[in-house]
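Q: Build the 3D model from these lines:
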Amino acid sequence: MTLRKQSDLNCTKNSWHGREAYLLENDLIRLVCLTGGGHVSEFRFREGLNLPTLSPLWIPPWKTIEPFHYRENAHASQYGPPVTGRMISGIAGHSICLDYFGAPSQEEVEQGLSTHGEAPSSRWGKTEAARDGRKGSLDSCRPPAGRRSSL
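A: Coordinates of the predicted model:
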């Protein structure tokens with residue numbers, strides 16, 4: 001099989017299963033990244049290429065929400081307490097873990113942190129795109145630590 005030359009990468013605001021997302025695509029692939037948690041929720045070949053179009057990434061069987069909208073009094077019964085529920089409420093596809101993997105320490109819990117660090121519960125947004133369409137980034141400023149992360 002011969003693949004044609006890749007076209008420019010386009011990044012547009014979109015939605016995925018009712019969630020805010022960015023769609024990155026060119027003539028060959030589609031990649032969907034959720035603004036809630038930075039999760040890569042879909043990665044597949046475009047239709048019409050005679051290639052498989054099924055995304056191998058996991059779709060949770062429950063309705064997800066933007067994890068930055070998680071509130072213990074409204075969501076703990078469905079997603080669990082804040083330490084796990086904040087991340088579980090928005091997880092999909094490929095999850096990123098920044099700062100640490102697994103459960104937070106007691107000190108981190110007291111700061112409001114949850115499983116796998118701040119990134120999977122933070123709001124991510126498009127911050128940069130090169131004019132030639134070959135580079136883009138998503139960025140999050142995570143409040144408790146005040147650090148920036150980019151994908």
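Q: who's in contact with the residue lying closest to residue 66 once chain neighbours are set aside?
A: Using C-beta to C-beta, 6 or more residues apart in numbering and skipping residues adjacent in sequence, the residue nearest residue 66 is residue 36, 3.6 Å away. Where you see a C-beta, it was placed from the backbone N, CA and C, and this is true even at glycine. Contact partners of residue 36, counting by C-beta atoms under 8 Å, 6 or more residues apart in numbering, are 19-20, 65-69, 90, 123-124.
Q: same question, residue 65
A: 19, 36, 75, 89-90.
Q: which ones among those are found in helices?
A: residue 75 (DSSP state H).
Q: Pick out the most distant pair among the contacts of residue 65.
A: 19 and 75 (14.9 Å; C-beta to C-beta).
Q: now residue 50: how far from residue 28?
A: Note on residue 50: its distance to residue 28, by C-beta to C-beta, to the nearest Å, is 12 Å.
Q: higher neighbour count, those two?
A: When neighbours are counted by other C-beta atoms under 10 Å, residue 28 comes out ahead of the other of residue 50 and residue 28, with 15 against 7.
Q: Looking at the more buried one now. What's its pLDDT?
A: Confidence at residue 28, expressed as pLDDT, is 94.
Q: separation between it and residue 65?
A: Taking C-beta to C-beta, one finds residue 28 at 32 Å from residue 65.
Q: Secondary structure element holding the nearest residue to residue 104 once chain neighbours are set aside?
A: Using C-beta to C-beta, 6+ apart and skipping the chain neighbours, the partner closest in space to residue 104 is residue 113 (4.5 Å). According to DSSP states H and E, residue 113 maps onto no helix or strand at all.
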